[in-house]
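> Sequence isn't available, so here's the structure alone:
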């Protein structure tokens with residue numbers, strides 16, 4: 001299955017072992033650790049027996065950006081809704097959709113560090129955010145517990161996942177995270193060139209746009225079209241001012 005559990009800055013080997021055990025219980029095998037406080041496969045497998053097939057093949061990434069570069073669909077996790085509006089879902093409601101997306105491309109489910117979860121910047125990279133319902137008096141879950149609950153819902157949904165829907169002949173498949181980040185960068189530069197942000201905070205506007213696009217499943221063709229819109233906005237303004245286009249900024253919109 002093209003589904004990776006991503007632990008962002010895990011602090012405790014015991015928790016990593018608990019996550020590996022939960023993954024093994026629910027049939028998941030792909031684990032990525034982003035900037036872990038420590039990582040000792042021998043100690044982890046001593047804590048979580050019979051998880052060598054997960055721990056010894058775990059990928060260690062320096063940054064979350066590196067960990068998500070090949071992902072086409074990213075789901076974050078949070079103990080509670082934040083101030084910023086996001087695409088919040090319950091794990092049971094989202095499980096079947098996650099499995100469908102995992103048949104089309106690489107899916108990543110991201111869990112934050114034990115003491116403070118995922119930052120707003122990390123959640124910005126997620127298309128949707130899972131919130132696990134808990135008692136209001138004790139909302140925070142142990143890292144391994146959170147992974148187990150999400151993995152359990154995926155395990156239950158796997159038996160009855162709907163069949164794949166047909167795609168267009170020219171479909172390029174879901175756009176990977178790296179391509180989406182290029183799209184957001186071009187769109188932000190284009191909006192800045194027409195002074196769209198003069199009365200607005202760029203980060204707030206871009207967060208709303210990320211939320212909007214996160215509700216859709218942009219394929220590579222669509223992401224390139226939006227990226228081309230951003231480039232053309234900036235280029236049109238620069239041509240009007242007599243400035244030359246920056247190298248590599250000239251991009252034709254993809255044809256149908």
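Here it is on my side, so go on. Since the model is a prediction, treat every value here as computed from it, not as a measurement.

> Please verify my assumption that residue 30 contacts residue 5.
Yes. Counting by CB atoms under 8 Å, residue 30 touches residue 5, with 6.8 Å between them. Where you see a C-beta, it was placed from the backbone N, CA and C, and this is true even at glycine.

> residues touching the residue sitting nearest the centre point of the chain, list them.
In the chain, the centroid-proximal residue (CA atoms, centre = their mean) is residue 74; its distance is 2.4 Å. By CB atoms under 8 Å, 6 or more residues apart in numbering, the residues touching residue 74 are 68, 107-110, 125-127, 177.

> sorry, back to before: settle it for me: which of residue 30 and residue 5 has more neighbours?
Neighbours per residue (other CB atoms under 10 Å) separate residue 30 from residue 5, with residue 5 holding more: 23 against 18.

> That one sits in which helix or strand?
Assigned by DSSP states H and E, residue 5 belongs to strand 3-8.

> From the contact counts, what lies against that strand?
With contacts defined as 3 or more CB pairs under 8 Å, 6 or more residues apart in numbering; DSSP states H and E, strand 3-8 has these neighbours: helix 13-25, strand 30-34, helix 64-68, helix 91-104, strand 107-111, helix 143-158.

> Which one of the contacts of residue 74 is nearest to residue 84?
Closest to residue 84 out of the contacts of residue 74 is residue 126 (11.8 Å), distances taken as CB to CB.

> Give me the pLDDT value at that closest one.
With respect to pLDDT, residue 126 has a value of 95.

> That one against residue 75, yeah?
Yes. Counting by CB under 8 Å, residue 126 does reach residue 75; the two are 6.1 Å apart.

> Identify the contacts common to these two.
residue 110.

> re earlier: which one of the contacts of residue 74 sits closest to residue 220?
Distance to residue 220 across the contacts of residue 74 (CB to CB) is lowest for residue 177, with 12.0 Å.

> List the contacts of the closest one.
68-72, 74, 125.

> and if we set it to 10 Å?
By CB atoms under 10 Å, 6 or more residues apart in numbering, the contact set of residue 177 is 64-65, 67-74, 106, 108, 125-127.

> any idea how far residue 218 is from it?
11 Å (CB to CB, to the nearest Å).

> what is in contact with the two at once?
Counting by CB under 10 Å, 6+ apart, the residues touching both residue 177 and residue 218 are 72, 127.

> Give me the phi and psi for residue 77.
phi -130, psi 150 (degrees, to the nearest 10).

> is it true that it touches residue 150?
Yes. Counting by CB atoms under 10 Å, residue 77 touches residue 150, with 7.1 Å between them.

> quick revisit: which residues are in contact with both of residue 30 and residue 5?
Residues touching both residue 30 and residue 5 by CB under 10 Å, 6+ apart: 23, 54, 58, 108.

> Identify the residue nearest the third one in space, chain neighbours excluded?
Nearest residue to residue 58, sequence neighbours excluded (CB to CB, 6 or more residues apart in numbering): residue 31, at 4.3 Å.
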